[in-house]
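[1] Whatever this is, show me its structure:
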Amino acid sequence: MIEGKQPFNADAAKKVLMTFGETSDKGKGLWPDTSKGGDHSSLPAIWENRADFDAKLAKFSAESKAAAAKITDLDSLKAQMAEIGKNCGGCHNTYRKKAS
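    Here you go, the predicted structure:
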């Protein structure tokens, strides 16, 4: 929608943001202590800074769900996605290996 590849649909946009939130809620369980050091793109910093990682997931979840309620048109979707996008780098830049 943001790229103009499909028409704006408020319900679909809200569903995406709610899915972001719900997926983040499940995130805490996706990195158990037993997965540390495995063959994946997660950095050890997740387990070393667990409280920060969990807080970032919770923030992303809450802000995604709140953003869904603010979607009324394409401009509001663009604005909310820009704000939500700031949270993505908070985890990906700190807790994810760079692609090689």
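
[2] Going by residue numbers, what spans are helices in the protein?
    Applying DSSP state H to the chain gives helices spanning 10-27, 45-48, 50-68, 74-95.

[3] In TSV: the ones you listed, plus mean neighbour count.
    Using the backbone N, CA and C atoms, a C-beta is placed for each residue, glycine as well. Below are these laid out as TSV (neighbours: other Cβ atoms under 10 Å):
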stretch	mean neighbour count
helix 10-27	16
helix 45-48	15
helix 50-68	17
helix 74-95	15
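
[4] Select, out of those, the one closest to residue 38.
    The closest of these to residue 38 is helix 45-48. By Cβ to Cβ, the value is 11.0 Å.

[5] picking that back up, now render the helices of the chain as JSON lines, adding mean pLDDT and distance to residue 1.
    Listed next are those as JSON lines, based on pLDDT from 0 to 100; distance: least, Cβ to Cβ, whole Å:
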{"stretch": "helix 10-27", "mean pLDDT": "93", "distance to residue 1": "6"}
{"stretch": "helix 45-48", "mean pLDDT": "94", "distance to residue 1": "32"}
{"stretch": "helix 50-68", "mean pLDDT": "94", "distance to residue 1": "14"}
{"stretch": "helix 74-95", "mean pLDDT": "90", "distance to residue 1": "6"}
